[in-house]
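Visitor: below: sequence and its predicted model.
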Amino acid sequence: MQIDEFSEDHLDVLKELMNIAMGNATASIADLLQAFGTMHIPHLAISDMDGLKAYMEKTIPSDEKYYVTKQLFGGMFGGEFIFVMTDESAVNLGHYLYDVTAPSDADIMDAVIELTNILSSTILSRLSEELNTKVQFFVPSTELMSGNELIGHDETLNYHRIIIISTLMEFQSHKISGHIFILTKDKMIESLSRLIDQKLEELYA
Amino acid sequence: MKVLVVDDSKLARLSLIKSLKEHEPSAEILEAENGEIAVELFKSENPRVVFLDLTMPVMDGFEALKLIMQIDPKAQVVVVSADIQTHAQQQVLALGAKLMVPKPINSDKMLGVLQQLVF
């Protein structure tokens, strides 16, 4: 299948399913933080490597430090889940979850991983459930890096044709926010397209 | 019976309309893809029921709900949203929504909603 066959209808379906999945994730994080989270409209785009790089440059300021957690996931809908949180947000998260004024680096890292686990498992499980398929999770890794390093990171940009799904998770009262990117590529786009076609067939039946 | 379905997603509108038609096949459906269009349609068409999403471009569901309730305090607005936080539910009910239903809506959920509305 050519990538061009991934139509506006496919993107609309994926956007709506992401919206549902994000709603579940926001509610889970709201329980964890005992706060109200603002839901934002997910952004979806079909891109190439240059487009992904430009999008990340626009979304993630290059001069700040970020906790970046990456997790691969597999199945008929497979790809990479990336959660990017500013250093300041991560400290606020550690401060809140551990109830200490100055959380240690290990506390912050642990808090970021915990938050990312909840986000990735809730979002991807819900997306997969809506697409009538299963997802397999791989072990995530977290690194503190600058925006420049993230944008220039070879692993992150090692894609040819990509669907970018992104949104912002925001808990203003706790000054905690983070960007979520879900990247899927090449053959996975074909199987994702088939899953969405099945979903649409059910709807029009 | 006129029913206004408001959602920026075509899929969400389609699946809601499909569920609605299973129980109310004669319903006349009006569609809007954001809150601003919804408010205009509400003014001009005076639908009996409004199904309203919250997270939308141009004007979100919270703002649209506020304006619709100002136009007609007896409007029957059902919020259908992925935002399942308790605070969001409390907010829309305080603004005057009749019910809030988590997405995705299906035939069973729709039946439960219709049983709680006044026709």
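Guide: Received it, and whenever you're ready, just let me know what you need. Numbering: from 1, shown residues only, chains lettered A, B, ... in the order given.
Visitor: ramachandran coordinates for residue 13?
Guide: Since you didn't name a chain, this refers to chain A. Backbone geometry at A:Val13, expressed as degrees, to the nearest 10, gives phi -60, psi -50.
Visitor: list the contacts for residue 18?
Guide: Unless you meant another one, I'm taking chain A. The neighbourhood of A:Met18, defined by C-beta atoms under 8 Å, 6 or more residues apart in numbering or on different chains, consists of A:42, A:44, A:123, A:127, A:165, A:167, A:182. No exception for glycine: its C-beta is placed from N, CA and C like everyone else's.
Visitor: looking at chain B here, not the other one
Guide: A:Leu203.
Visitor: what about it, helix or strand, and which?
Guide: Element membership for B:Lys18 (DSSP states H and E) is helix B:10-23.
Visitor: and after that helix, which helix or strand comes next?
Guide: Scanning forward in sequence from helix B:10-23 by DSSP H and E, the next helix or strand is strand B:28-32.
Visitor: same question for that next one, mean pLDDT?
Guide: In this model, strand B:28-32 carries a mean pLDDT of 98.
Visitor: check which element follows that strand along the chain.
Guide: helix B:35-45.
Visitor: what helices or strands is whichever helix or strand comes after that following helix leaning on?
Guide: The helix or strand immediately downstream of helix B:35-45 is strand B:49-52, counting by DSSP H and E. Applying 3 or more C-beta pairs under 8 Å, 6 or more residues apart in numbering or on different chains; DSSP states H and E, one finds that strand B:49-52 contacts strand B:2-6, helix B:35-45, helix B:61-71, strand B:76-81.
Visitor: who does the helix or strand harbouring A:Leu119 touch, helix- and strand-wise?
Guide: Element membership for A:Leu119 (DSSP H and E) is helix A:105-130. Applying 3+ C-beta pairs under 8 Å, 6+ apart, one finds that helix A:105-130 makes contact with helix A:8-33, strand A:65-75, strand A:79-86, helix A:87-98, strand A:135-137, strand A:141-146, strand A:176-185.
Visitor: show me the one of these that comes nearest B:Ser26.
Guide: Closest approach to B:Ser26 among those (C-beta to C-beta): helix A:8-33, 26.9 Å.
Visitor: so which bits of the closest one are buried?
Guide: Within helix A:8-33, the residues that count as buried by 16 or more other C-beta atoms under 10 Å in any protein chain shown are A:10-30, A:32-33.
Visitor: now the angle between strand B:76-81 and that helix, please.
Guide: For helix A:8-33 against strand B:76-81, the angle by axes from the mean of the first three to the mean of the last three C-alpha atoms, to 10 degrees is 90 degrees.
Visitor: who are the contact partners of whichever residue of chain B sits closest to chain A?
Guide: Scanning chain B for the residue nearest chain A gives B:Ala82, at 2.9 Å (criterion: C-beta to the nearest C-beta). For B:Ala82, the contacting residues are A:19-24, A:39, B:55, B:102-103, by C-beta under 8 Å, 6+ apart.
Visitor: hmm, B:Pro104 and A:Ile20 touching each other?
Guide: Yes: under the criterion of C-beta atoms under 8 Å, A:Ile20 makes contact with B:Pro104 at 6.0 Å.
Visitor: chain B contacts on chain A?
Guide: Within chain A, the positions near chain B by C-beta under 8 Å from any C-beta of the partner chain are A:9, A:12-13, A:15-16, A:19-24, A:26-27, A:30, A:36-37, A:39-41, A:130, A:200, A:203.
Visitor: could you redo the last one with a cut-off of 6 Å?
Guide: Within chain A, the positions lying close to chain B (C-beta under 6 Å from any C-beta of the partner chain) are A:12-13, A:16, A:19-20, A:23, A:27, A:30, A:36, A:39, A:41, A:203.
Visitor: which one of those is nearest to B:Leu65?
Guide: A:Met39 (15.3 Å).
Visitor: residue contacts, that closest one?
Guide: A:26, B:55, B:83 (C-beta atoms under 6 Å, 6 or more residues apart in numbering or on different chains).
Visitor: same list (those residues) but as CSV, adding pLDDT and distance to A:Glu114.
Guide: Below are the contacts of A:Met39 laid out as CSV (pLDDT from 0 to 100; distance: C-beta to C-beta, whole Å):
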residue, pLDDT, distance to A:Glu114
A:Thr26, 94, 16
B:Thr55, 90, 26
B:Asp83, 90, 22
